[in-house]
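Asker: 3D, please:
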Amino acid sequence: MPTHLLNWFAGWVLILLGFLSGSLIGLYFHEENFLGGYTSFRRRIIRLGHIALVALGMMNVLYSISPWPTAAQWQSRAASVAFLGGGVAMPAVCF
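Answerer: Alright, predicted model coming up:
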């Protein structure tokens, strides 16, 4: 599978997971003391993880449709791996 297709599919999966996690978290955000209250670090980092899933998913999708220069094969493969790694690592750390 070419790397740009992997970024395409992973990006859409990350976006879907971001929407699902946002929906799940949103069920309890109306409660005043959910995860320690509105200004608590725990609540803010969970929200950051949910937003990171969507934003990094979009970055992966945009990268997958960007032009691919033939002279820069190893650089584009390294960038692809970095986008995939970042899209998984940041939300995992936040959650």
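
Asker: Please count neighbours and contacts with C-alpha atoms only from this point.
Answerer: OK.

Asker: who's in contact with the most centrally placed residue in the chain?
Answerer: When C-alpha atoms, centre = their mean is applied to the chain, the residue found nearest the centroid is residue 53 (2.5 Å). Shown in contact with residue 53 (C-alpha atoms under 8 Å, 6 or more residues apart in numbering): 14-15, 17-18, 87-88, 91.

Asker: Using JSON lines, lay out these together with distance to residue 64.
Answerer: Formatted as JSON lines, the contacts of residue 53 follow (distance: C-alpha to C-alpha, whole Å):
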{"residue": "14", "distance to residue 64": "14"}
{"residue": "15", "distance to residue 64": "14"}
{"residue": "17", "distance to residue 64": "19"}
{"residue": "18", "distance to residue 64": "19"}
{"residue": "87", "distance to residue 64": "13"}
{"residue": "88", "distance to residue 64": "16"}
{"residue": "91", "distance to residue 64": "20"}
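
Asker: Nearest to residue 39 among these?
Answerer: residue 91 (19.6 Å; C-alpha to C-alpha).

Asker: Which element, helix or strand, includes residue 90?
Answerer: helix 73-94 (DSSP states H and E).

Asker: Now the host helix or strand of the residue nearest to the centre of the chain - C-alpha only, PDB.
Answerer: Under the criterion of DSSP H and E, residue 53 resides in helix 41-64. The C-alpha trace of helix 41-64 is given here as PDB (Å, rounded to 0.1, in the frame of the first residue of the first chain):
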ATOM      1  CA  PHE A  41      -6.300  20.200  33.900                       C
ATOM      2  CA  ARG A  42      -7.800  16.800  33.400                       C
ATOM      3  CA  ARG A  43     -10.900  18.200  31.600                       C
ATOM      4  CA  ARG A  44      -8.800  20.500  29.400                       C
ATOM      5  CA  ILE A  45      -6.300  17.800  28.400                       C
ATOM      6  CA  ILE A  46      -9.200  15.400  27.400                       C
ATOM      7  CA  ARG A  47     -10.700  18.200  25.300                       C
ATOM      8  CA  LEU A  48      -7.300  18.700  23.700                       C
ATOM      9  CA  GLY A  49      -7.100  15.000  22.800                       C
ATOM     10  CA  HIS A  50     -10.500  15.100  21.200                       C
ATOM     11  CA  ILE A  51      -9.500  18.200  19.100                       C
ATOM     12  CA  ALA A  52      -6.100  16.700  18.300                       C
ATOM     13  CA  LEU A  53      -7.800  13.600  16.700                       C
ATOM     14  CA  VAL A  54      -9.800  15.700  14.300                       C
ATOM     15  CA  ALA A  55      -7.100  18.300  13.500                       C
ATOM     16  CA  LEU A  56      -4.300  15.700  13.000                       C
ATOM     17  CA  GLY A  57      -6.700  13.600  11.000                       C
ATOM     18  CA  MET A  58      -7.300  16.500   8.700                       C
ATOM     19  CA  MET A  59      -3.600  17.100   8.400                       C
ATOM     20  CA  ASN A  60      -3.100  13.400   7.300                       C
ATOM     21  CA  VAL A  61      -5.900  13.700   4.700                       C
ATOM     22  CA  LEU A  62      -4.400  17.000   3.300                       C
ATOM     23  CA  TYR A  63      -1.000  15.400   3.200                       C
ATOM     24  CA  SER A  64      -2.300  12.400   1.300                       C
END
